[in-house]
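Peer 1: Only the shape, not the letters, is given here:
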(Lines give C-alpha, C1' and ligand atoms only; values in the text may rest on other atoms or scores of the structure.)
Protein backbone atom coordinates (compact mmCIF):
# COMPACT_ATOMS: atom_id res chain seq x y z
CA UNK A 1 0.00 0.00 0.00
CA UNK A 2 1.29 3.44 -0.94
CA UNK A 3 2.34 5.60 2.01
CA UNK A 4 2.09 9.03 0.37
CA UNK A 5 -1.15 10.92 -0.31
CA UNK A 6 -2.29 14.41 -1.09
CA UNK A 7 -4.98 14.33 1.60
CA UNK A 8 -5.57 12.08 4.61
CA UNK A 9 -9.02 12.32 6.18
CA UNK A 10 -9.53 11.09 9.74
CA UNK A 11 -13.04 9.72 10.16
CA UNK A 12 -15.20 8.04 7.51
CA UNK A 13 -18.51 9.44 8.70
CA UNK A 14 -20.80 11.51 6.45
CA UNK A 15 -18.54 14.57 6.41
CA UNK A 16 -15.31 12.61 5.96
CA UNK A 17 -16.72 10.66 3.04
CA UNK A 18 -18.18 13.83 1.52
CA UNK A 19 -14.82 15.60 1.67
CA UNK A 20 -13.16 12.51 0.25
CA UNK A 21 -15.46 12.36 -2.78
CA UNK A 22 -15.09 16.04 -3.67
CA UNK A 23 -11.29 15.96 -3.36
CA UNK A 24 -10.74 12.63 -5.11
CA UNK A 25 -12.85 13.82 -8.05
CA UNK A 26 -10.66 16.96 -8.04
CA UNK A 27 -7.65 14.80 -8.93
CA UNK A 28 -6.16 14.62 -5.44
CA UNK A 29 -4.93 11.34 -3.99
CA UNK A 30 -7.15 10.73 -0.96
CA UNK A 31 -7.02 8.30 1.97
CA UNK A 32 -9.95 8.16 4.40
CA UNK A 33 -9.29 6.31 7.67
CA UNK A 34 -11.79 5.11 10.24
CA UNK A 35 -11.33 3.13 13.46
CA UNK A 36 -14.50 1.08 12.89
CA UNK A 37 -14.78 -1.95 10.62
CA UNK A 38 -17.82 -0.46 8.90
CA UNK A 39 -17.29 2.96 7.40
CA UNK A 40 -20.07 5.53 7.31
CA UNK A 41 -20.15 6.70 10.92
CA UNK A 42 -23.72 7.62 11.80
CA UNK A 43 -24.89 6.44 8.38
CA UNK A 44 -25.27 2.94 9.80
CA UNK A 45 -27.82 0.29 8.87
CA UNK A 46 -27.69 -3.08 10.64
CA UNK A 47 -29.60 -6.35 10.71
CA UNK A 48 -29.72 -6.34 14.51
CA UNK A 49 -32.42 -8.83 15.30
CA UNK A 50 -34.57 -11.06 13.09
CA UNK A 51 -33.58 -11.74 9.50
CA UNK A 52 -34.48 -9.12 6.88
CA UNK A 53 -35.34 -6.39 9.41
CA UNK A 54 -33.04 -3.43 8.73
CA UNK A 55 -32.41 -0.84 11.42
CA UNK A 56 -30.82 2.58 11.09
CA UNK A 57 -28.82 2.58 14.30
CA UNK A 58 -27.99 6.26 14.30
CA UNK A 59 -28.87 8.69 11.51
CA UNK A 60 -32.14 8.11 9.67
CA UNK A 61 -33.71 11.48 8.72
CA UNK A 62 -32.16 13.56 5.94
CA UNK A 63 -33.48 17.10 6.32
CA UNK A 64 -31.47 19.07 3.73
CA UNK A 65 -31.83 16.92 0.61
CA UNK A 66 -33.39 19.82 -1.29
CA UNK A 67 -30.58 22.26 -0.41
CA UNK A 68 -27.30 20.42 0.21
CA UNK A 69 -24.94 20.86 -2.78
CA UNK A 70 -23.85 17.21 -2.58
CA UNK A 71 -27.21 16.03 -3.97
CA UNK A 72 -26.84 18.16 -7.09
CA UNK A 73 -23.10 17.63 -7.55
CA UNK A 74 -23.16 13.82 -7.26
CA UNK A 75 -25.27 11.26 -9.10
CA UNK A 76 -26.51 9.15 -6.20
CA UNK A 77 -29.11 7.39 -8.33
CA UNK A 78 -26.33 5.85 -10.43
CA UNK A 79 -25.40 3.96 -7.25
CA UNK A 80 -28.99 2.87 -6.55
CA UNK A 81 -29.18 5.41 -3.73
CA UNK A 82 -32.54 7.18 -3.52
CA UNK A 83 -34.42 9.26 -0.98
CA UNK A 84 -38.06 8.89 -0.01
CA UNK A 85 -40.12 11.97 0.89
CA UNK A 86 -43.37 10.85 2.60
CA UNK A 87 -46.39 13.09 2.09
CA UNK A 88 -47.27 12.98 5.81
CA UNK A 89 -44.22 14.04 7.79
CA UNK A 90 -45.18 14.45 11.47
CA UNK A 91 -48.20 13.29 13.47
CA UNK A 92 -49.15 14.11 17.05
CA UNK A 93 -51.92 11.70 18.14
CA UNK A 94 -54.03 12.84 21.11
CA UNK A 95 -55.64 10.72 23.81
CA UNK A 96 -59.13 11.88 22.81
CA UNK A 97 -58.73 10.28 19.36
CA UNK A 98 -57.87 13.43 17.44
CA UNK A 99 -54.52 14.19 15.85
CA UNK A 100 -52.48 17.03 14.39
CA UNK A 101 -50.49 16.35 11.23
CA UNK A 102 -47.74 18.18 9.37
CA UNK A 103 -47.69 17.37 5.65
CA UNK A 104 -45.31 18.27 2.87
CA UNK A 105 -48.39 20.03 1.46
CA UNK A 106 -49.14 23.29 3.30
CA UNK A 107 -52.89 23.20 2.68
CA UNK A 108 -53.24 19.71 4.13
CA UNK A 109 -51.31 20.80 7.21
CA UNK A 110 -53.54 23.84 7.72
CA UNK A 111 -56.61 21.64 7.27
CA UNK A 112 -55.35 19.30 10.01
CA UNK A 113 -54.50 22.11 12.46
CA UNK A 114 -57.84 23.81 11.78
CA UNK A 115 -59.67 20.81 13.24
CA UNK A 116 -57.99 21.64 16.55
CA UNK A 117 -57.66 25.41 16.25
CA UNK A 118 -58.73 27.43 13.18
CA UNK A 119 -56.78 30.44 14.41
CA UNK A 120 -53.58 28.39 14.77
CA UNK A 121 -54.06 27.03 11.26
CA UNK A 122 -53.84 30.56 9.87
CA UNK A 123 -50.91 31.31 12.17
CA UNK A 124 -49.11 28.23 10.84
CA UNK A 125 -49.64 29.50 7.30
CA UNK A 126 -47.95 32.77 8.27
CA UNK A 127 -45.11 31.06 10.18
CA UNK A 128 -44.58 28.72 7.24
CA UNK A 129 -44.25 31.73 4.92
CA UNK A 130 -41.77 33.46 7.22
CA UNK A 131 -39.70 30.33 7.83
CA UNK A 132 -39.53 29.53 4.12
CA UNK A 133 -38.40 33.08 3.31
CA UNK A 134 -35.66 32.97 5.95
CA UNK A 135 -34.49 29.46 5.13
CA UNK A 136 -34.58 29.87 1.36
CA UNK A 137 -33.11 33.36 1.37
CA UNK A 138 -30.40 33.05 4.00
CA UNK A 139 -30.31 30.14 6.47
CA UNK A 140 -29.90 27.34 3.91
CA UNK A 141 -27.41 29.21 1.66
CA UNK A 142 -25.38 30.26 4.72
CA UNK A 143 -25.07 26.60 5.71
CA UNK A 144 -22.80 25.99 2.72
CA UNK A 145 -20.54 29.06 2.82
CA UNK A 146 -17.75 29.77 5.34
CA UNK A 147 -18.70 31.09 8.76
CA UNK A 148 -18.64 34.87 9.15
CA UNK A 149 -17.49 36.76 12.28
CA UNK A 150 -20.57 37.78 14.33
CA UNK A 151 -20.26 41.55 13.96
CA UNK A 152 -19.68 41.27 10.22
CA UNK A 153 -22.68 38.97 9.95
CA UNK A 154 -24.93 41.37 11.87
CA UNK A 155 -23.86 44.37 9.76
CA UNK A 156 -24.53 42.45 6.57
CA UNK A 157 -27.96 41.21 7.65
CA UNK A 158 -29.05 44.62 8.94
CA UNK A 159 -28.68 45.98 5.43
CA UNK A 160 -31.71 44.06 4.10
CA UNK A 161 -35.29 43.56 5.30
CA UNK A 162 -35.01 39.79 5.16
CA UNK A 163 -31.72 39.97 7.03
CA UNK A 164 -33.35 42.04 9.77
CA UNK A 165 -36.09 39.42 10.05
CA UNK A 166 -33.49 36.65 10.44
CA UNK A 167 -31.71 38.64 13.15
CA UNK A 168 -34.97 39.32 14.96
CA UNK A 169 -35.95 35.65 15.12
CA UNK A 170 -32.41 34.56 15.92
CA UNK A 171 -32.54 36.41 19.22
CA UNK A 172 -35.69 34.57 20.30
CA UNK A 173 -35.98 31.21 22.01
CA UNK A 174 -37.95 28.40 20.35
CA UNK A 175 -40.65 28.84 23.00
CA UNK A 176 -40.95 32.56 22.26
CA UNK A 177 -41.40 31.83 18.55
CA UNK A 178 -44.03 29.19 19.25
CA UNK A 179 -45.91 31.51 21.63
CA UNK A 180 -45.82 34.30 19.07
CA UNK A 181 -47.87 32.22 16.63
CA UNK A 182 -49.86 29.58 18.49
CA UNK A 183 -52.34 29.47 21.37
CA UNK A 184 -53.67 25.88 21.49
CA UNK A 185 -51.70 23.74 23.95
CA UNK A 186 -51.49 20.69 21.67
CA UNK A 187 -50.44 22.74 18.65
CA UNK A 188 -47.80 24.40 20.82
CA UNK A 189 -46.61 20.97 21.96
CA UNK A 190 -46.11 19.80 18.38
CA UNK A 191 -44.33 22.96 17.24
CA UNK A 192 -42.08 23.15 20.31
CA UNK A 193 -41.12 19.49 20.01
CA UNK A 194 -40.32 19.86 16.31
CA UNK A 195 -38.25 22.98 17.06
CA UNK A 196 -36.17 21.37 19.80
CA UNK A 197 -36.02 17.64 19.02
CA UNK A 198 -32.39 17.90 17.88
CA UNK A 199 -31.02 19.47 21.02
CA UNK A 200 -32.11 23.11 21.15
CA UNK A 201 -33.05 24.39 24.61
CA UNK A 202 -36.67 25.53 24.47
CA UNK A 203 -36.03 28.66 26.57
CA UNK A 204 -32.59 29.67 25.25
CA UNK A 205 -32.35 32.64 22.92
CA UNK A 206 -29.66 33.30 20.34
CA UNK A 207 -30.36 30.29 18.11
CA UNK A 208 -33.87 31.09 16.92
CA UNK A 209 -32.74 30.77 13.31
CA UNK A 210 -32.32 27.04 13.98
CA UNK A 211 -35.87 26.85 15.33
CA UNK A 212 -37.06 28.41 12.06
CA UNK A 213 -34.96 25.90 10.12
CA UNK A 214 -36.37 22.92 12.00
CA UNK A 215 -39.94 24.17 11.68
CA UNK A 216 -39.40 24.57 7.95
CA UNK A 217 -37.73 21.19 7.64
CA UNK A 218 -40.70 19.50 9.38
CA UNK A 219 -42.27 19.18 5.94
CA UNK A 220 -39.06 18.18 4.19
CA UNK A 221 -37.63 15.11 5.94
CA UNK A 222 -36.41 12.20 3.82
CA UNK A 223 -35.18 8.69 4.50
CA UNK A 224 -32.78 6.66 2.36
CA UNK A 225 -34.26 3.73 0.44
CA UNK A 226 -32.70 0.55 1.80
CA UNK A 227 -31.34 2.32 4.89
CA UNK A 228 -28.96 5.17 5.67
CA UNK A 229 -25.85 3.10 4.98
CA UNK A 230 -26.69 3.08 1.27
CA UNK A 231 -25.54 6.72 1.23
CA UNK A 232 -22.21 5.85 2.87
CA UNK A 233 -21.76 2.92 0.49
CA UNK A 234 -22.34 5.14 -2.54
CA UNK A 235 -19.83 7.74 -1.34
CA UNK A 236 -17.19 5.09 -0.60
CA UNK A 237 -17.59 3.68 -4.11
CA UNK A 238 -17.16 7.15 -5.60
CA UNK A 239 -13.92 7.66 -3.67
CA UNK A 240 -12.51 4.34 -4.86
CA UNK A 241 -13.57 4.98 -8.45
CA UNK A 242 -11.63 8.24 -8.38
CA UNK A 243 -8.40 6.68 -7.17
CA UNK A 244 -8.87 7.18 -3.43
CA UNK A 245 -9.38 4.78 -0.56
CA UNK A 246 -11.77 4.69 2.40
CA UNK A 247 -10.71 1.95 4.77
CA UNK A 248 -11.15 0.63 8.30
CA UNK A 249 -10.36 -0.42 10.90
CA UNK A 250 -7.38 1.90 11.04
CA UNK A 251 -6.81 3.58 14.41
CA UNK A 252 -4.92 6.86 14.20
CA UNK A 253 -2.48 7.30 17.08
CA UNK A 254 -1.31 10.80 16.25
CA UNK A 255 -1.22 13.54 13.66
CA UNK A 256 2.40 14.04 12.69
CA UNK A 257 3.35 17.71 13.10
CA UNK A 258 6.81 19.06 12.31
CA UNK A 259 7.74 22.73 12.73
CA UNK A 260 4.06 23.63 13.09
CA UNK A 261 3.05 21.84 9.87
CA UNK A 262 0.86 18.72 9.63
CA UNK A 263 2.78 16.10 7.64
CA UNK A 264 0.64 12.97 7.94
CA UNK A 265 -0.56 10.45 10.51
CA UNK A 266 0.77 7.54 12.53
CA UNK A 267 -1.47 4.56 13.25
CA UNK A 268 -1.54 2.61 16.50
CA UNK A 269 0.30 -0.27 14.80
CA UNK A 270 3.16 2.08 13.93
CA UNK A 271 2.29 2.53 10.25
CA UNK A 272 2.79 6.08 9.01
CA UNK A 273 1.27 7.87 6.05
CA UNK A 274 2.52 11.14 4.61
CA UNK A 275 0.20 13.81 3.21
CA UNK A 276 0.16 17.37 1.96
CA UNK A 277 -2.96 17.98 4.04
CA UNK A 278 -4.72 16.27 6.95
CA UNK A 279 -8.45 16.74 7.54
CA UNK A 280 -9.89 15.72 10.91
CA UNK A 281 -13.63 15.12 11.10
CA UNK A 282 -13.54 14.03 14.75
CA UNK A 283 -14.13 16.20 17.81
CA UNK A 284 -11.75 18.98 18.96
CA UNK A 285 -10.71 17.10 22.12
CA UNK A 286 -9.39 14.17 20.13
CA UNK A 287 -8.03 16.23 17.25
CA UNK A 288 -6.03 18.75 19.23
CA UNK A 289 -5.49 17.32 22.73
CA UNK A 290 -5.04 13.64 21.89
CA UNK A 291 -3.79 13.30 18.31
CA UNK A 292 -1.58 16.40 18.34
CA UNK A 293 -1.06 16.85 22.08
CA UNK A 294 -1.33 19.91 24.25
CA UNK A 295 2.46 20.31 24.36
CA UNK A 296 2.50 20.80 20.58
CA UNK A 297 -0.20 23.48 20.53
CA UNK A 298 -0.26 27.18 21.17
CA UNK A 299 -1.75 27.72 24.63
CA UNK A 300 -4.74 29.62 23.27
CA UNK A 301 -5.76 26.82 20.91
CA UNK A 302 -5.33 24.18 23.63
CA UNK A 303 -7.57 26.13 26.01
CA UNK A 304 -10.23 26.51 23.33
CA UNK A 305 -10.19 22.75 22.73
CA UNK A 306 -10.46 22.07 26.46
CA UNK A 307 -13.46 24.39 26.71
CA UNK A 308 -15.56 22.42 24.24
CA UNK A 309 -18.92 21.46 25.80
CA UNK A 310 -20.84 18.27 25.11
CA UNK A 311 -24.61 18.12 25.06
CA UNK A 312 -26.44 17.77 28.38
CA UNK A 313 -28.96 15.40 26.83
CA UNK A 314 -28.53 12.38 24.63
CA UNK A 315 -30.72 9.75 23.00
CA UNK A 316 -32.05 6.33 23.86
CA UNK A 317 -33.15 4.38 20.82
CA UNK A 318 -35.26 1.24 20.73
CA UNK A 319 -35.50 -0.89 17.58
CA UNK A 320 -38.57 -3.03 16.97
CA UNK A 321 -39.33 -6.11 14.89
CA UNK A 322 -43.09 -5.97 14.36
CA UNK A 323 -45.50 -8.59 13.07
CA UNK A 324 -47.72 -5.90 11.58
CA UNK A 325 -47.99 -2.17 11.02
CA UNK A 326 -49.12 -0.03 13.97
CA UNK A 327 -52.76 1.02 13.85
CA UNK A 328 -53.28 4.29 15.67
CA UNK A 329 -56.52 5.02 17.48
CA UNK A 330 -56.44 8.53 16.04
CA UNK A 331 -56.98 7.00 12.58
CA UNK A 332 -60.66 7.19 13.46
CA UNK A 333 -60.47 10.95 12.98
CA UNK A 334 -57.89 10.90 10.17
CA UNK A 335 -57.05 7.56 8.47
CA UNK A 336 -53.92 9.08 6.93
CA UNK A 337 -52.18 9.15 10.32
CA UNK A 338 -51.06 5.53 9.84
CA UNK A 339 -48.81 6.76 7.01
CA UNK A 340 -46.79 9.37 8.93
CA UNK A 341 -43.01 9.36 8.81
CA UNK A 342 -42.53 10.55 12.40
CA UNK A 343 -44.90 10.30 15.38
CA UNK A 344 -44.61 12.32 18.57
CA UNK A 345 -46.10 10.32 21.42
CA UNK A 346 -46.72 11.00 25.10
CA UNK A 347 -46.58 14.79 25.14
CA UNK A 348 -49.90 16.37 24.22
CA UNK A 349 -49.44 19.83 25.74
CA UNK A 350 -46.65 22.33 25.91
CA UNK A 351 -46.39 21.65 29.63
CA UNK A 352 -45.81 17.95 28.89
CA UNK A 353 -42.93 18.78 26.57
CA UNK A 354 -41.28 21.21 28.98
CA UNK A 355 -41.73 18.95 32.00
CA UNK A 356 -40.00 16.05 30.26
CA UNK A 357 -37.09 18.09 28.92
CA UNK A 358 -36.54 19.81 32.26
CA UNK A 359 -36.31 16.37 33.88
CA UNK A 360 -33.74 15.25 31.31
CA UNK A 361 -31.56 18.30 31.97
CA UNK A 362 -31.72 17.46 35.70
CA UNK A 363 -30.45 13.96 35.01
CA UNK A 364 -33.84 12.34 35.56
CA UNK A 365 -36.04 10.05 33.49
CA UNK A 366 -39.81 10.51 33.85
CA UNK A 367 -41.79 7.34 34.61
CA UNK A 368 -44.12 8.05 31.67
CA UNK A 369 -42.18 8.00 28.43
CA UNK A 370 -42.51 10.57 25.66
CA UNK A 371 -40.57 10.33 22.42
CA UNK A 372 -40.69 10.44 18.64
CA UNK A 373 -40.85 7.25 16.63
CA UNK A 374 -40.93 6.01 13.07
CA UNK A 375 -41.82 2.86 11.15
CA UNK A 376 -39.52 3.11 8.12
CA UNK A 377 -40.79 0.04 6.28
CA UNK A 378 -44.19 1.71 5.90
CA UNK A 379 -42.45 3.93 3.35
CA UNK A 380 -39.62 1.62 2.32
CA UNK A 381 -40.58 -2.08 2.16
CA UNK A 382 -36.89 -3.00 1.81
CA UNK A 383 -36.44 -2.40 5.55
CA UNK A 384 -38.65 -5.28 6.75
CA UNK A 385 -39.87 -8.69 5.54
CA UNK A 386 -43.05 -8.72 3.43
CA UNK A 387 -46.18 -7.71 5.37
CA UNK A 388 -44.12 -6.96 8.48
CA UNK A 389 -42.77 -3.71 9.90
CA UNK A 390 -39.60 -2.23 11.37
CA UNK A 391 -39.84 0.38 14.12
CA UNK A 392 -37.62 2.97 15.76
CA UNK A 393 -38.29 4.81 19.03
CA UNK A 394 -36.04 7.79 19.86
CA UNK A 395 -36.25 9.24 23.36
CA UNK A 396 -34.35 12.20 24.82
CA UNK A 397 -32.54 11.05 27.97
CA UNK A 398 -29.64 12.29 30.12
CA UNK A 399 -26.18 10.82 29.66
CA UNK A 400 -25.28 11.87 33.18
CA UNK A 401 -27.99 10.27 35.29
CA UNK A 402 -28.41 11.49 38.86
CA UNK A 403 -27.44 8.00 39.98
CA UNK A 404 -24.36 8.06 37.74
CA UNK A 405 -23.84 7.19 34.08
CA UNK A 406 -22.88 3.60 34.99
CA UNK A 407 -26.54 2.86 35.62
CA UNK A 408 -26.99 2.75 31.85
CA UNK A 409 -25.07 -0.55 31.89
CA UNK A 410 -27.73 -2.12 34.11
CA UNK A 411 -29.82 -4.47 31.94
CA UNK A 412 -32.81 -4.32 34.27
CA UNK A 413 -32.76 -0.52 34.06
CA UNK A 414 -32.57 -0.66 30.26
CA UNK A 415 -35.50 -3.09 30.20
CA UNK A 416 -37.52 -0.79 32.45
CA UNK A 417 -36.98 2.19 30.13
CA UNK A 418 -37.88 -0.01 27.18
CA UNK A 419 -41.13 -1.09 28.81
CA UNK A 420 -42.01 2.53 29.49
CA UNK A 421 -41.58 3.29 25.79
CA UNK A 422 -43.73 0.33 24.73
CA UNK A 423 -46.45 1.30 27.23
CA UNK A 424 -46.65 4.74 25.63
CA UNK A 425 -46.71 3.28 22.12
CA UNK A 426 -49.61 0.97 23.08
CA UNK A 427 -51.62 3.90 24.45
CA UNK A 428 -51.83 5.30 20.94
CA UNK A 429 -51.55 2.11 18.85
CA UNK A 430 -53.26 -0.68 20.87
CA UNK A 431 -52.35 -3.42 18.39
CA UNK A 432 -48.71 -3.10 19.48
CA UNK A 433 -48.91 -5.92 22.03
CA UNK A 434 -46.76 -8.87 23.10
CA UNK A 435 -47.86 -10.86 20.06
CA UNK A 436 -47.17 -8.21 17.42
CA UNK A 437 -43.89 -6.95 18.93
CA UNK A 438 -41.57 -9.83 18.07
CA UNK A 439 -38.21 -8.54 19.29
CA UNK A 440 -36.69 -5.30 20.58
CA UNK A 441 -33.23 -3.88 21.21
CA UNK A 442 -32.28 -0.81 23.23
CA UNK A 443 -29.28 1.47 22.63
CA UNK A 444 -28.36 3.83 25.49
CA UNK A 445 -26.25 7.02 25.45
CA UNK A 446 -23.31 4.88 26.56
CA UNK A 447 -23.98 2.68 23.54
CA UNK A 448 -23.70 5.74 21.30
CA UNK A 449 -20.41 6.71 22.91
CA UNK A 450 -19.04 3.17 22.69
CA UNK A 451 -19.94 2.78 19.02
CA UNK A 452 -18.98 6.32 17.95
CA UNK A 453 -16.08 7.52 20.18
CA UNK A 454 -16.26 11.11 18.90
CA UNK A 455 -19.85 11.31 20.21
CA UNK A 456 -18.48 11.79 23.71
CA UNK A 457 -21.11 11.50 26.45
CA UNK A 458 -23.60 10.41 23.79
CA UNK A 459 -23.29 13.85 22.19
CA UNK A 460 -24.77 12.91 18.83
CA UNK A 461 -23.99 16.30 17.24
CA UNK A 462 -20.38 16.12 18.53
CA UNK A 463 -21.03 19.05 20.87
CA UNK A 464 -23.81 21.16 22.34
CA UNK A 465 -25.74 23.68 20.29
CA UNK A 466 -25.11 26.82 22.35
CA UNK A 467 -24.73 30.42 21.12
CA UNK A 468 -21.00 30.34 21.91
CA UNK A 469 -20.54 27.02 20.10
CA UNK A 470 -22.30 27.87 16.86
CA UNK A 471 -21.54 29.96 13.82
CA UNK A 472 -18.07 31.50 13.88
CA UNK A 473 -17.45 29.85 17.28
CA UNK A 474 -17.90 26.24 16.09
CA UNK A 475 -15.58 24.77 17.23
CA UNK A 476 -13.82 28.09 17.94
CA UNK A 477 -12.96 31.32 16.18
CA UNK A 478 -9.59 29.95 15.05
CA UNK A 479 -10.99 26.91 13.24
CA UNK A 480 -14.56 27.69 12.18
CA UNK A 481 -13.52 28.35 8.58
CA UNK A 482 -12.05 24.83 8.48
CA UNK A 483 -8.40 25.84 8.35
CA UNK A 484 -6.59 25.63 11.69
CA UNK A 485 -3.58 27.39 13.25
CA UNK A 486 -1.61 24.19 12.49
CA UNK A 487 -0.56 24.61 8.86
CA UNK A 488 -2.00 21.98 6.51
CA UNK A 489 -4.38 20.71 9.21
CA UNK A 490 -8.07 21.17 8.49
CA UNK A 491 -11.26 20.29 10.39
CA UNK A 492 -14.55 19.23 8.86
CA UNK A 493 -16.77 17.24 11.22
CA UNK A 494 -20.04 17.88 13.04
CA UNK A 495 -18.18 19.77 15.77
CA UNK A 496 -17.30 22.40 13.17
CA UNK A 497 -19.46 24.94 11.39
CA UNK A 498 -22.34 24.55 10.51
CA UNK A 499 -22.95 21.53 12.80
CA UNK A 500 -24.32 18.00 12.78
CA UNK A 501 -27.46 16.03 11.88
CA UNK A 502 -26.16 14.99 8.42
CA UNK A 503 -26.77 18.34 6.77
CA UNK A 504 -23.66 17.93 4.57
CA UNK A 505 -22.22 21.35 5.41
CA UNK A 506 -18.92 20.78 7.22
CA UNK A 507 -17.47 18.23 4.79
CA UNK A 508 -18.42 20.36 1.81
CA UNK A 509 -16.80 23.47 3.27
CA UNK A 510 -13.65 21.58 4.24
CA UNK A 511 -13.35 20.29 0.68
CA UNK A 512 -13.62 23.85 -0.64
CA UNK A 513 -10.69 25.19 1.38
CA UNK A 514 -8.48 22.13 0.81
CA UNK A 515 -8.97 22.11 -2.97
CA UNK A 516 -8.11 25.82 -3.01
CA UNK A 517 -4.94 25.42 -0.92
CA UNK A 518 -3.72 22.33 -2.75
CA UNK A 519 -4.56 23.74 -6.20
CA UNK A 520 -6.79 20.81 -7.11
CA UNK A 521 -9.16 20.78 -10.06
CA UNK A 522 -12.31 22.25 -8.52
CA UNK A 523 -14.96 20.60 -10.68
CA UNK A 524 -18.02 21.86 -8.79
CA UNK A 525 -19.64 25.27 -9.00
CA UNK A 526 -21.36 27.47 -6.46
CA UNK A 527 -25.03 26.51 -5.86
CA UNK A 528 -27.59 28.87 -7.35
CA UNK A 529 -29.15 29.53 -3.92
CA UNK A 530 -25.82 30.88 -2.67
CA UNK A 531 -25.27 33.02 -5.76
CA UNK A 532 -28.76 34.47 -5.36
CA UNK A 533 -28.20 35.25 -1.67
CA UNK A 534 -24.94 37.02 -2.53
CA UNK A 535 -26.64 39.16 -5.16
CA UNK A 536 -29.30 40.16 -2.62
CA UNK A 537 -26.65 41.20 -0.11
CA UNK A 538 -27.37 38.46 2.42
CA UNK A 539 -24.00 36.70 2.10
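Peer 2: Perfect, I can see it now. In this text the structure is predicted, and so the values were computed from the model without any measurement.
Peer 1: Make sure residue 316 is indeed in a strand.
Peer 2: Yes. Counting by DSSP: H, G, I helix; E, B strand; the rest coil, residue 316 is found in a strand.
Peer 1: and it, bridged to which residues?
Peer 2: Partner residues in beta bridges with residue 316, using DSSP bridges, are residue 395.
Peer 1: doesn't residue 401 make contact with it?
Peer 2: No. Counting by CB atoms under 8 Å, residue 316 sits too far from residue 401 to count as a contact (11.3 Å). In short, each C-beta sits where N, CA and C put it, glycine included.
Peer 1: Among these two, which residue is more densely surrounded?
Peer 2: residue 316 (25 against 16; other CB atoms under 10 Å).
Peer 1: any idea how far the more buried one is from residue 211?
Peer 2: Distance, residue 316 to residue 211, using CB to CB, to the nearest Å: 24 Å.
Peer 1: Next: residue 302.
Peer 2: The gap separating residue 302 from residue 211 is 34 Å, by CB to CB.
Peer 1: Could you do residue 441 as well?
Peer 2: 32 Å.
Peer 1: So those two - more neighbours on which side?
Peer 2: For residue 441 versus residue 211, the count of surrounding residues by other CB under 10 Å is larger for residue 211: 26 against 17.
Peer 1: which strands and helices sit next to the host helix or strand of that one?
Peer 2: Following DSSP states H and E, one finds residue 211 within helix 208-217. If you count contacts as 3 or more CB pairs under 8 Å, 6 or more residues apart in numbering; DSSP states H and E, helix 208-217 packs onto helix 118-134, helix 161-170, helix 174-181, helix 185-196.
Peer 1: what angle separates the last one from helix 208-217?
Peer 2: To tie it back to what came earlier, the one meant is helix 185-196. 110 degrees (axes from the mean of the first three to the mean of the last three CA atoms, to 10 degrees).
Peer 1: next one: the shortest one
Peer 2: For helix 174-181 and helix 208-217, the angle between their directions (the same axes, to 10 degrees) works out to 60 degrees.
Peer 1: what residues are up against the closest residue to residue 346 other than its chain neighbours?
Peer 2: Closest residue to residue 346 apart from its sequence neighbours, by CB to CB, 6 or more residues apart in numbering: residue 370 at 3.2 Å. For residue 370, the contacting residues are 344, 345, 346, 347, 352, 353, 356, 395, 424, by CB atoms under 8 Å, 6 or more residues apart in numbering.
Peer 1: of the residues you listed, closest to residue 260?
Peer 2: residue 395 (45.7 Å; CB to CB).
Peer 1: And whichever strand or helix holds residue 262, what does it pack against?
Peer 2: Following DSSP H and E, one finds residue 262 within strand 261-267. Judged by 3+ CB pairs under 8 Å, 6+ apart, strand 261-267 is in contact with strand 4-10, strand 252-258, strand 272-280.
Peer 1: who are the neighbours of the longest one, in terms of helices and strands?
Peer 2: This points to strand 272-280. Strand 272-280 packs on strand 4-10, strand 252-258, strand 261-267, strand 489-491, helix 506-517, going by 3+ CB pairs under 8 Å, 6+ apart.
Peer 1: okay if I get the ones you listed as TSV plus mean pLDDT?
Peer 2: Formatted as TSV, these follow (pLDDT from 0 to 100):
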stretch	mean pLDDT
strand 4-10	98
strand 252-258	97
strand 261-267	97
strand 489-491	98
helix 506-517	98
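Peer 1: which of the ones you listed sits most buried?
Peer 2: Across the helices and strands packed on strand 272-280, averaging neighbours per residue (mean count of other CB atoms under 10 Å) puts strand 489-491 on top, at a mean of 27.
Peer 1: So what touches it?
Peer 2: With contact meaning CB under 8 Å, 6+ apart, strand 489-491 is reached by 255, 257, 262, 277-281, 284, 287, 292, 475, 479, 482-484, 510, 513-514.
Peer 1: Residue 126 - how many residues pack around it?
Peer 2: Count around residue 126 with other CB under 10 Å applied: 11.
Peer 1: can you tell me which of the helices and strands packed on strand 272-280 comes nearest to residue 130?
Peer 2: Closest among the helices and strands packed on strand 272-280, once you apply CB to CB, is helix 506-517, at 26.8 Å.
Peer 1: and that closest one, what does it pack onto?
Peer 2: Going by 3+ CB pairs under 8 Å, 6+ apart, helix 506-517 lies up against helix 14-25, strand 272-280, strand 489-491.
Peer 1: which of those is buried the deepest?
Peer 2: helix 14-25 (a mean of 29).
Peer 1: out of the helices and strands packed on helix 208-217, which comes closest to residue 409?
Peer 2: Nearest to residue 409 among those is helix 185-196; the distance by CB to CB comes to 28.3 Å.
Peer 1: which helices and strands sit right next to the closest one?
Peer 2: Secondary-structure packing of helix 185-196 (3+ CB pairs under 8 Å, 6+ apart): strand 88-93, strand 99-103, helix 174-181, helix 208-217, strand 342-345, helix 350-361.
Peer 1: For the first one, which helices and strands make contact with it?
Peer 2: Same thing as strand 88-93. When contacts are defined as 3+ CB pairs under 8 Å, 6+ apart, strand 88-93 packs onto strand 99-103, helix 185-196, strand 342-345.
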